[in-house]
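**Student:** Whatever this is, show me its structure:
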Amino acid sequence: METEVTNYNGPNGLPYCNFGVMCRVQRNVRDPGGYYNFWVACDGEHQISKWLPDGGAIWLSDAKEASNPIRAGESARVVAECIGPQLIFWINDVLVAEAYDTQFKQGDVGFSTGWWWAVDYFRVYKP
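**Tutor:** Residues are numbered from 1 along each chain as shown. Sure, this is the predicted structure:
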């Protein structure tokens with residue numbers, strides 16, 4: 001999945017100043033929730049996490065701060081790769097996190113935004 005997002009007037013430190021791309025979103029009767037989330041905040045912090053059907057979360061990569069925050073008025077290219085058990089996260093063509101997990105093997109895709117973000121485009125590619 002690939003997207004470009006723009007931070008509109010989101011100063012650092014505000015709540016909900018984050019953006020997430022989701023893969024393998026589970027939506028059926030037997031498994032009513034859960035997904036992998038690749039998120040980035042205005043201050044540049046980023047992480048790969050797994051959200052469970054019961055609402056809990058497991059961090060699959062350490063939260064790390066990027067050397068370049070996404071300041072108000074700036075855009076970022078966000079790429080999330082979900083290929084087999086491999087989860088790979090890129091921000092502005094820089095590899096920022098990798099994780100491996102086998103719980104969710106298929107599902108839908110999507111994105112989530114907090115305040116201040118605009119999605120310029122969202123593309124999904126099949127490997």
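**Student:** so what's the residue nearest the centre of the chain up against?
**Tutor:** Nearest residue to the geometric centre of the chain (C-alpha atoms, centre = their mean): residue 38, 2.2 Å. The contact partners of residue 38, taken as C-beta atoms under 8 Å, 6 or more residues apart in numbering, are 20, 21, 22, 23, 46, 47, 48, 78, 80, 87, 89, 97. C-beta here means a position set from N, CA and C on the backbone, and glycine is covered the same way.
**Student:** Try it again at 10 Å.
**Tutor:** 1, 19-23, 46-49, 60-61, 78-82, 87-91, 96-97, 99, 111 (C-beta atoms under 10 Å, 6 or more residues apart in numbering).
**Student:** next one: residue 21
**Tutor:** Counting by C-beta under 10 Å, 6+ apart, residue 21 has contacts 1-3, 5, 36-40, 78-80, 82, 89, 109-112, 119, 122.
**Student:** Make a PyMOL selection of the buried ones in the residues you listed.
**Tutor:** Those of the contacts of residue 21 that count as buried under 16 or more other C-beta atoms under 10 Å are selected in PyMOL with:
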select buried, resi 1+3+5+36+37+38+39+40+78+79+80+82+89+109+111
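**Student:** for this protein, where's the lowest mean pLDDT among helices and strands?
**Tutor:** strand 117-123 (a mean of 80; mean pLDDT, DSSP states H and E).
**Student:** And the strands in this protein?
**Tutor:** Ranges of strands within the chain are 2-7, 18-25, 35-41, 46-51, 57-59, 75-83, 86-91, 94-100, 108-113, 117-123, based on DSSP state E.
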